[in-house]
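> Sequence first, then the predicted structure, then my questions.
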Amino acid sequence: MKNKQQDKENKMQEKYMEYQMLEEQLKQAQEQVQTLSKQKEELEGLKEAVMEIGKTKEGNEMFVPISSGIFVKAQIKDNKELLVNVGDNVVVPKSIHDAVALIKKQKEEIEKYEATMTQNLQLIMLHQQKVEAELYNMTQEGE
């Protein structure tokens with residue numbers, strides 16, 4: 001009888017540990033989805049800013065962000081081309097149209113990854129609900 005009770009307690013402890021692990025995975029997945037959503041918003045803002053530069057007349061002044069909340073006054077000398085970082089501290093000239101297309105492509109890639117992460121999030125939630133129900137049933141068996 002004692003071994004049966006011990007086995008039940010061990011199984012419940014394993015299920016509880018599984019539940020806690022799923023809780024942590026759920027939290028991490030939610031954070032990732034939030035981060036991706038924020039990145040999408042930033043890319044949309046960037047796209048709008050790039051398009052606005054294309055509409056700004058050469059010689060006009062504008063405020064250019066150099067850090068969060070810090071801007072420098074700059075004069076537009078060329079509103080048709082931007083310098084785009086392609087990695088490894090290498091920048092290449094891109095037209096406004098090409099820069100917007102690049103931003104749109106990045107946003108689409110984030111949206112695909114976000115959809116995958118949201119799907120994973122739902123699977124984790126379903127698994128967690130199943131484990132929770134199993135734990136509940138285990139606690140009810142002894143009563």
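Received, thanks.
> mind checking the SS state of the residue nearest in space to the middle of the chain?
Geometric centre of the chain, nearest residue: L36, 1.9 Å, by C-alpha atoms, centre = their mean. Taking DSSP: H, G, I helix; E, B strand; the rest coil as the rule, one finds L36 in the helix state.
> can you tell me which residues contact it?
110, 113-114, 117 (C-beta atoms under 8 Å, 6 or more residues apart in numbering). Every C-beta, even on glycine, is put in place using the N, C-alpha and C of the backbone.
> Buried among those? Make that a PyMOL selection.
Selection of buried members from the contacts of L36 for PyMOL, criterion 16 or more other C-beta atoms under 10 Å:
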select buried, resi 110+114+117
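> Would you mind giving the contacts of L36 as a markdown table with distance to E81 and pLDDT added?
As requested, the contacts of L36 are exported to a markdown table (distance: C-beta to C-beta, whole Å; pLDDT from 0 to 100):
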| residue | distance to E81 | pLDDT |
| --- | --- | --- |
| I110 | 25 | 97 |
| Y113 | 30 | 96 |
| E114 | 31 | 96 |
| M117 | 35 | 95 |
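> Keep only those of the contacts of L36 that are in strands.
Among the contacts of L36, no member is found in strands (DSSP state E).
> now, among the contacts of L36, which is nearest to Q30?
Ranked by distance to Q30 (C-beta to C-beta), these are led by M117 at 9.2 Å.
> List the neighbouring strands of the least confident helix or strand in the chain by mean pLDDT plus their orientation.
Using mean pLDDT, DSSP states H and E, strand 61-67 stands out as the lowest-scoring helix or strand of the chain, at a mean of 87. Partners of strand 61-67 in the sheet, by DSSP bridges, are strand 70-75 (antiparallel).
> Now do the strand it pairs with, average pLDDT.
In this model, strand 70-75 has a mean pLDDT of 93.
> Now V50: closest residue in space that isn't a chain neighbour?
Leaving aside its sequence neighbours, V50 sits nearest to A99 (C-beta to C-beta, 6 or more residues apart in numbering; 5.2 Å).
> And Q128, by the same measure?
For Q128, the spatially nearest residue (C-beta to C-beta, 6+ apart) is L22, at 4.2 Å.
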